[in-house]
Each structure stands twice: as structure tokens, then as C-alpha cells.
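K.L.:
next comes the sequence, and after it the predicted model I'd like to discuss.
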Amino acid sequence: MTKQHLTASCSYISIPVTASLLLVIASLVFNVLIFVRIKNDERQSASVNIFLPHDVKPLESQGYLELWKESKAQGLSQNQNNTVFCPNYAQANYSLPWQEAANILRSGLDERVDPCENFYAFTCNSFMSKVNITNLHLDEFGTSSLAQVRVYAAIANALKDVDVNDTKWFETERITKAAYDACVINKELEFGQDASEDIYKHLQDLNVNVPFLNQTIKDDLDIFAAIGAIERTYGFGALLQSSVNVDYKNISQNVLYVSQAADEVVHLEIQIAKASWPKREMSKHTEQYNPHTLESLERIYPNIGWRSYFKKLLDLKNLDGGTLGKVIVTQPSYFAWLNSMLTAQQFEKRALVNHIITELLFDIIKLPNWMSSETKKFALKKAEGIRRNLGWPLQLFGDFKNSSSIDSYHKKDYYAVIDAYNTNNEDFYTMMKILKTALKNREDLRKLKEKPNRKRFEYSPAKVQIKYKPEKNSITIPLASFDSILYK
């Protein structure tokens, strides 16, 4: 759900539009419900119910799917790997889904290269020669990207018949269709939508004048109240940002984590780079766990408007230490630097990543040399206790026959999209603002009042991504990751 994907969403029609838009509104997980409804395939795996789609055929489109079509055009022949570097080890499965997945995989290999000498070239040379990410206006593109496009293509195709104002469709379907239609309509306009007036009005409502319009900063400006309101409305941090997650040292509760925001401004870039924590430090959970109360934050960092920020962020009229509870400061040195600033300025959002792929966990922990026997026992016990969230969050959203659970989950925050669509179906900006506000509140801040739930997927089942959450010891493999390119 990012600004980058929003920008991309209005650069293309059909598949590219769908890919970027649906990533932004990924909390509308019902798009996967539509996706599954197309194929309607349920299978059983061990003791866990997993909803798995059949092979999904993409819509015809230019650019993104050229590689897929090329591999398909090469045929589903019974390929034999007879090179020195790719010998056959077992009887191949020649069913069509397996052959398609194999052809897509093999289309990226360069079998002229010895993988023992240059594994990257062996696995990627051919793929890179066929895909020009510059022409696609992307930062990266790989097999998972191709799988994501296929999923979005199926969703877009399924949305064709959905009428935004026809109540025979589930409410969540109608919300998704309204946002999708508005994006496509906006793209086809001769001139793009100008949202500057709305943004300016919002800043004025926050008592924020605009310096580059030769406006003087008001003496009574509460910059941290504005920062909190902006984060709540638009979902990104300015100078600092907050998120709700399980308390690492008390997993029975969720707490608020306050972190550094991004560091990309011109005249303060060097100072922020010195104050901000490098990525290698961001993975050290123990050093990032610095619990505070509202009172201790105000005492140690008195120049940061904590009270104003939290009141606006959490939409509270009154705030005291008991209301807020524990707050975890993840980079104390950064906030010490920030506290020394006399004025606050807005920064671009920095994406905080560092997710662990636990597919490696089970194999690595069994290796004999890199950990002691006691550590290995603990790691194996942790691996055995891992929570597997696979496919579709049945407990949270219900099955595919009754929409009451999933509609109830989304209605309060997202239904305003339909009202905005009926007011002006070209007003894509307003709908995106509604979606961003809903995403920040429904999927993040509201968890502060909830108990931690290891069964919570954390992101849309329509997202091609596998994520391990170490603090919950849970792994999530969403439904979209079972696409034939990645899984058989």
C-alpha cells in the first residue's frame, strides 16, 4: 500500500492499473474471494484447510505478460534437461499445470553457465534478456511479480460484471469495483485529476501554511499535531511514524511502536543519515525495545510534541498515560537527534523492511555446525510451534458462501468509497484518500485495542508474498502465492 504503487496505478490500463491499485487497497481482501470464486477449488493438506485456486489464465495485455506468453508459445513439450549442468534426477510430471510452471521457470535459465561458478547468471540471464523493467516503469520484476500480475488479471476479469450500486453483490465487491473503475476512468481522462486544492484545504484545516507559496509559518502551529493527523489520513510518517504490533516481551498485548521516518530531504540529509539507524541495526529487536510511558517520553524528549502527535494519530480528545499505555521507542538515538531540532519539517516515507523467509528456517536449524545442541533444541521447538497461516483467513472473513463477516470487517472504514464514487466517479483522489485512511486505521491503529492474534494474516491474501513474523512465530503464505508459477 504505497505511494509508489499509487503513482504506478495511473500509468497503465488493464493489468498494470489493476496491479498497482489493488496493491494499495490490499486490505480489501475480498478481491481474493472473487479470485477463488472463479476457480472454486478446495483441497485438504494435513490437518489444515487451505483454499487453493486452479491454474489462472491471465488477460491478454502488452508489456507485463510478454514473458509468460513467450514461454507458453514455446509449447508444453516434454522437455528433457540433457545439459551437463541440468541432468534428470527423477520422472517428470507432465500434467499441463506442471509443464506450464516448468516452462516459465526454464525460460529464465541460461544453461550455458555453470551454476557452481555463477549461479545468478545461470538462473537469471535469460529472464533479464527478455524483460526490460525500464520500459515497464518498474524498479524490479521477477517471477513473483509475474504471478502477482496473473492474480490481479483474474480479479480484474471477475470484477467486470459487478455493479457498484447493485446490492446483489457483496458490499466488499462493490467497494473494490468502485475504486478500480475510478482508477481506470481517471487514467483515460485527457488531463489528470488536480488534487492540489483538496490538499491545500487539508493543510489549512491543520493550521499549516505553505512556505513555497510565500506563506509565513503561523506562530501557533502545532507541527506534531499536524504530523499525527497527516499520518492518520494518508498513512505515511513525517519525521516519525507509528505502528501497532505485539509486545515482544509480553505477547498477550499489542503496543504502539514509534520509529524514525524517512530521511530524504536536501538540506538535512547528512544530519539525518548520521542520526538514523542503519538497516543492520534495524534487525536487532532487543536494542530496538525501549519501553516508555507518555510521561517519560515528554521528560526525555521534551521538544517533541508527543501528546499532540498521539492525540491526532489515535483520534483522541483527551490523552493521559493510562489511555496510551506502553510505547516502544525503536531508535532512541534518532529521537535524541530529533529532540534537538528547533523546527520540524516533512520527510518522505521510508519503507521499513527486514522480513525473514522461514522456508530456510527448517533446513538451516538442522545443520550441525553453526549452533550448539541446546540452541538447536530450542530452535527446533520453535519451528514445531510455528503458526501456519495458509491460503484464506477463514476465521476472520468466513467462507465463500456468506459475506457477512468480510463485509462487516470492511464496511465502517471502506464503504465511503461507494458514496464518493456515486458523487463523482472521476474523483479517484478522494477514493484513494479514503482507502489510505481506512488502511492505516483498520489494519494498524485499531489493533492497539485488540489482543494479539497469531492467526491474523497481516496483509491481503491477494498478495504474492511469504512472510515470517518472528515476534509471533507465525508464517503467512497467502492464497495468491499458490499461483502455478510459484506452487504446484
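P.N.:
Alright, I've got the coordinates. Numbers count the residues shown, from 1 in each chain.
K.L.:
list the buried residues in the longest helix belonging to the chain.
P.N.:
Scanning the chain for the helix with the most residues, using DSSP state H, yields helix 171-188. Counting neighbours by 16 or more other C-beta atoms under 10 Å, one finds that the buried residues in helix 171-188 are 171-187. For the C-beta atoms, the positions are set from N, CA and C on the backbone; glycine is no exception.
K.L.:
for it, C-alpha coordinates in CSV please.
P.N.:
Written as CSV, here are the backbone C-alpha positions of helix 171-188 (Å, rounded to 0.1, in the frame of the first residue of the first chain):
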residue,chain,number,x,y,z
GLU,A,171,-20.5,-4.9,-0.2
THR,A,172,-16.8,-5.6,-0.3
GLU,A,173,-17.0,-6.5,-4.0
ARG,A,174,-18.8,-3.2,-4.7
ILE,A,175,-16.2,-1.2,-2.8
THR,A,176,-13.4,-2.9,-4.8
LYS,A,177,-15.2,-2.3,-8.1
ALA,A,178,-15.8,1.4,-7.3
ALA,A,179,-12.1,2.0,-6.6
TYR,A,180,-11.0,0.0,-9.7
ASP,A,181,-13.4,1.8,-12.0
ALA,A,182,-12.4,5.2,-10.7
CYS,A,183,-8.7,4.4,-11.3
VAL,A,184,-9.4,3.3,-14.9
ILE,A,185,-11.7,6.3,-15.6
ASN,A,186,-9.1,8.7,-14.2
LYS,A,187,-6.4,7.2,-16.4
GLU,A,188,-8.5,7.7,-19.5
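K.L.:
which other helices and strands contact it?
P.N.:
Contacts defined by 3 or more C-beta pairs under 8 Å, 6 or more residues apart in numbering; DSSP states H and E place helix 171-188 against helix 15-24, helix 30-39, helix 404-414, helix 416-423, helix 428-443.
K.L.:
show me what the very next helix or strand once past that helix is packed up against.
P.N.:
As assigned by DSSP states H and E, the chain's next helix or strand after helix 171-188 is helix 196-205. Of the remaining helices and strands, those touching helix 196-205 by 3+ C-beta pairs under 8 Å, 6+ apart are helix 428-443.
K.L.:
quick one: mean pLDDT over the helix it packs on.
P.N.:
Helix 428-443 carries an average pLDDT of 86.
K.L.:
and the angle from it to helix 416-423?
P.N.:
If you take axes from the mean of the first three to the mean of the last three C-alpha atoms, to 10 degrees, helix 428-443 sits at 170 degrees to helix 416-423.
K.L.:
tell me which strands and helices helix 428-443 is in contact with?
P.N.:
Checking 3+ C-beta pairs under 8 Å, 6+ apart, helix 428-443 ends up next to helix 15-24, helix 171-188, helix 196-205, helix 223-234, helix 404-414, helix 416-423.
K.L.:
possible to save those as TSV with mean pLDDT?
P.N.:
TSV is the format used below for those (pLDDT from 0 to 100):
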stretch	mean pLDDT
helix 15-24	39
helix 171-188	88
helix 196-205	77
helix 223-234	82
helix 404-414	83
helix 416-423	92
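K.L.:
so which of these is nearest Thr143?
P.N.:
helix 15-24 (14.8 Å; C-beta to C-beta).
K.L.:
okay, now the nearest residue to Ala229 once chain neighbours are set aside: neighbour count?
P.N.:
The shortest distance from Ala229 to any residue that is not its chain neighbour, by C-beta to C-beta, 6 or more residues apart in numbering, is 4.2 Å, and that residue is Lys312. The local packing of Lys312 (other C-beta atoms under 10 Å) involves 23 other residues.
K.L.:
so which strand or helix has Lys312?
P.N.:
If you go by DSSP H and E, Lys312 is part of helix 306-313.
K.L.:
in the helix or strand following that helix, what counts as buried?
P.N.:
Moving toward the C-terminus from helix 306-313, the first helix or strand encountered (DSSP H and E) is helix 321-324. Burial within helix 321-324, assessed by neighbour count using 16+ other C-beta under 10 Å, is assigned to Leu324.
K.L.:
what lies in contact with the next helix or strand after helix 321-324?
P.N.:
Proceeding N to C from helix 321-324, the next assigned helix or strand is strand 327-329, under DSSP H and E. Outside of strand 327-329, the residues that reach it under the criterion C-beta atoms under 8 Å, 6 or more residues apart in numbering are 247-248, 255-258, 288-294, 297, 335.
K.L.:
so of the residues you listed, which ones are in strands?
P.N.:
Among those, the ones falling in strands (DSSP state E) are 247, 255-258, 290-292.
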